[in-house]
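Trainee: Everything below, folded, please.
(one chain, ligands or ions: 1)
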Amino acid sequence: MWNTAIRWGPGSGLADATVSAFTKGATVPKVALYSGSKTYFFCGDQYIRVTRGETGPGTVDPGYPKDISVWGWGSFGANGIDAALHSGPKTYFFCGDQYIRVTRGDVGPGTVDPGYPQSLDVWGWGTFARNGSATLNSPGIDAALNSGSKDYFFSGDEYIRVTRGDTGAGTVDAGYPKNISVWGWGGFGADGIDAALHSGSKTYFFSGDQYLRVTRGDTGPGTIDPGYPKNISVWGWPTAFRDCWAQVGSNFHFDNGISADRRARLLERQRFAFSQVGSCGSLSAAERGSLSSAYRRPIWHGITINANANASAFVGQNQVFVNFANLFPDGDDEIAQSLVHEMMHCAGFTHPDRCDQDEFNLGACSPVDVPGDGGDYYDSPPLRAEICIAGNQSDEACFRAADGRNLLLRSGVSPRRARSVSV
Ligand SMILES: [Zn+2]
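Mentor: The predicted structure follows:
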């Protein structure tokens, strides 16, 4: 819940949304766990079990995702765990400043060893994973990696390497913590990774909706395999689980004036739009990347009651305003087209005003822009993103309004008409 009063300024008769409170969902913890013949992935309170070899996505076992409560941990990790470590006959699970040790085989929950949960203090890491990283919001680790004779733990932009056996804390190797930049991943995971997976001769690292496959031994950064990072859609996970993992919308905020039903449809349409864009050839890889990070940012969804508007957004900012009464009756494709268009504005992309027929004799513009013409307006990134939804472009116009926001108009309204009636 956000109680901070957020007000968007007056908008020359166009912007009329005044909102004072938002609700958001928490950021979702993610985990990858090597477990012999199985690999487990956790996202929030859900998990899947996958049958696979050292490489490739393998196959999600039937009946998954399942609820994390299946593991029988009680309140520990009820909303998700931060990391898991395969360690011979033991598996360790980490959540906040606590962890549990479990005796188990390749499959099943096994048995929590007596005396657990215990505090992370037992591991003797000092300030690491407690308060030692500028990018860390709360105590805990992001990822744990079994790597043969070594174990690695990641927290924010730091990591440590530990020499240990199957049980016990072992010893942090000299010179650690180090900065995650040592791994040489460039922009990938610069602020931290979400999960790490030991997988024989390969190690996988996950960050947002991207992952790396690395060829390495027990120690050292190894070499990133050609063609990586890739999008996690490659793994073929069930849609809801993949969206959870990609954190699509998990940082979105919604004006408390938006009803639960409308909020659910808005989020579903946003996630659908994102899923369509992931491999859409209408956008370049760089454009898809910018949009992907916008979908993981805090984006504030507000209300506009401007009668001419379907939606609006400022270029490069973090708000999307929706006129639900106008946009929602236009149907699922139009909603998704409008939302992805506005998200492209949030991602920093823009377009010239659409040139429409001069119905009010307010001055000439030419050529008139029409969907699919490939002109300056319809070939711009926000308009090309629309093609990803249903293969075509909306005929609803967008233009830069007097207050600086890009205003997507309702069906049949031209920028010229919107201007002529807005003053
Ligand atoms: Zn626009």
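
Trainee: Show me which residues of this structure are close to the ion?
Mentor: Pro382, Cys398, Asn406 (C-beta under 5 Å from the ion). No exception for glycine: its C-beta is placed from N, CA and C like everyone else's.

Trainee: Out of these, which sit inside helices?
Mentor: Secondary structure from DSSP state H places Pro382 of the residues of the chain next to the ion in helices.

Trainee: Looking at the residues of the chain next to the ion, which is nearest the ion?
Mentor: The ion lies nearest to Cys398 out of the residues of the chain next to the ion, by C-beta to the ion, at 3.1 Å.

Trainee: check contacts around that closest one.
Mentor: Cys398 sits next to His341, His351, Asp353, Arg354, Pro382, Asn406, Leu407, Leu408, Leu409 when contact means C-beta atoms under 8 Å, 6 or more residues apart in numbering.

Trainee: For it, give its distance to Phe128.
Mentor: The gap separating Cys398 from Phe128 is 48 Å, by C-beta to C-beta, to the nearest Å.

Trainee: Where does the stretch 101-250 of the chain get nearest to the ion, which residue?
Mentor: Closest contact between the stretch 101-250 of the chain and the ion, by C-beta to the ion, is at Gly249 (20.4 Å).

Trainee: burial of that residue, as a residue count?
Mentor: Gly249 has 21 neighbours, counted by other C-beta atoms under 10 Å.

Trainee: That one contacts Arg271, correct?
Mentor: Yes - using C-beta atoms under 8 Å, Gly249 is in contact with Arg271, at 5.8 Å.

Trainee: hmm, back to that, what's the pLDDT at the residue of the stretch 101-250 of the chain closest to the ion?
Mentor: For Gly249, the pLDDT comes out at 84.

Trainee: So it versus Arg263, what's the distance?
Mentor: Gly249 is 10 Å from Arg263, where distance means C-beta to C-beta.

Trainee: and if you look at Asn146?
Mentor: With distances taken as C-beta to C-beta, Asn146 is found 40 Å from Arg263.

Trainee: Next: Ile141.
Mentor: Ile141 is 32 Å from Arg263, by C-beta to C-beta.

Trainee: Which one's more surrounded, these two?
Mentor: For the pair Ile141 and Arg263, the greater number of neighbours falls to Ile141 (27 against 16), based on other C-beta under 10 Å.

Trainee: got any ranges where the stretch 51-200 of the chain has weak pLDDT?
Mentor: For the stretch 51-200 of the chain, the stretches with pLDDT under 70 are 131-138.

Trainee: If we use 50, what do you get?
Mentor: Applying pLDDT under 50 to the stretch 51-200 of the chain picks out residues 132-136.

Trainee: Give me the pLDDT for Val421.
Mentor: Reported pLDDT for Val421: 56.

Trainee: ditto for Gly363
Mentor: Value for Gly363, per-residue pLDDT: 60.

Trainee: What residues of stretch 60-73 count as buried?
Mentor: Buried residues in stretch 60-73, counted by 16 or more other C-beta atoms under 10 Å: Val60, Tyr64, Pro65, Ile68, Trp71, Trp73.

Trainee: Contact partners for the third one?
Mentor: Residues near Pro65 by C-beta under 8 Å, 6+ apart: Gln46, Tyr47, Ile48, Pro238, Ala240, Phe241.

Trainee: what's the closest of these to Val315?
Mentor: Within the contacts of Pro65, the smallest distance to Val315 is 31.4 Å, found for Ala240 (C-beta to C-beta).

Trainee: Would you mark the buried spots in the longest helix seen in the chain?
Mentor: Looking across the chain with DSSP H, the single longest helix is helix 260-277. Buried residues in helix 260-277, counted by 16+ other C-beta under 10 Å: 262-263, 265-267, 269-277.

Trainee: What are the contacting residues of that helix?
Mentor: With C-beta under 8 Å, 6+ apart as the test, helix 260-277 has contacts from 233, 239, 242-243, 246, 248-249, 252, 254, 258, 283, 288, 291-292, 295, 301, 322, 324, 328, 332, 335-337, 339-340, 343, 385, 388-389.

Trainee: same question for that helix, mean pLDDT?
Mentor: 90.

Trainee: Next SSE downstream of it?
Mentor: Counting by DSSP states H and E, the next helix or strand C-terminal to helix 260-277 is helix 285-296.

Trainee: burial of Trp123, as a residue count?
Mentor: By the measure other C-beta under 10 Å, the count of residues near Trp123 is 22.

Trainee: An error on my part: the question was meant for Gly372.
Mentor: Gly372: 12 neighbours (other C-beta under 10 Å).

Trainee: what does the model give it for pLDDT?
Mentor: Gly372 is given a pLDDT of 93.

Trainee: Quick check: phi and psi at the residue of the stretch 101-250 of the chain closest to the ion.
Mentor: Per-residue torsions, Gly249: phi 80, psi 0 (degrees, to the nearest 10).

Trainee: one step back: who touches both of Gly249 and Arg271?
Mentor: Asp243.

Trainee: Nearest spatial neighbour of Cys280, chain-adjacent residues omitted?
Mentor: Leaving aside its chain neighbours, Cys280 sits nearest to Cys388 (3.5 Å; criterion: C-beta to C-beta, 6 or more residues apart in numbering).

Trainee: State the distance from the one you found to Leu339.
Mentor: The gap separating Cys388 from Leu339 is 12 Å, by C-beta to C-beta.

Trainee: Just want to know which of the two has more residues nearby.
Mentor: Leu339 (28 against 23).

Trainee: unless I'm mixing things up, the more buried one is touching Ala311, no?
Mentor: Yes - using C-beta under 8 Å, Leu339 is in contact with Ala311, at 7.3 Å.

Trainee: Report the set of residues contacting both of those two.
Mentor: By C-beta under 8 Å, 6+ apart, Leu339 and Ala311 have these common neighbours: Val320.

Trainee: Let me know the closest of the contacts of Cys398 to the ion.
Mentor: For those, the minimum distance to the ion (C-beta to the ion) is 4.0 Å, reached by Asn406.

Trainee: The residue nearest to the closest one when sequence neighbours are not counted in helix, strand or coil?
Mentor: Distances taken as C-beta to C-beta, 6+ apart put His345 closest to Asn406, at 5.2 Å, once the chain neighbours are dropped. Three-state assignment for His345 (DSSP: H, G, I helix; E, B strand; the rest coil): helix.
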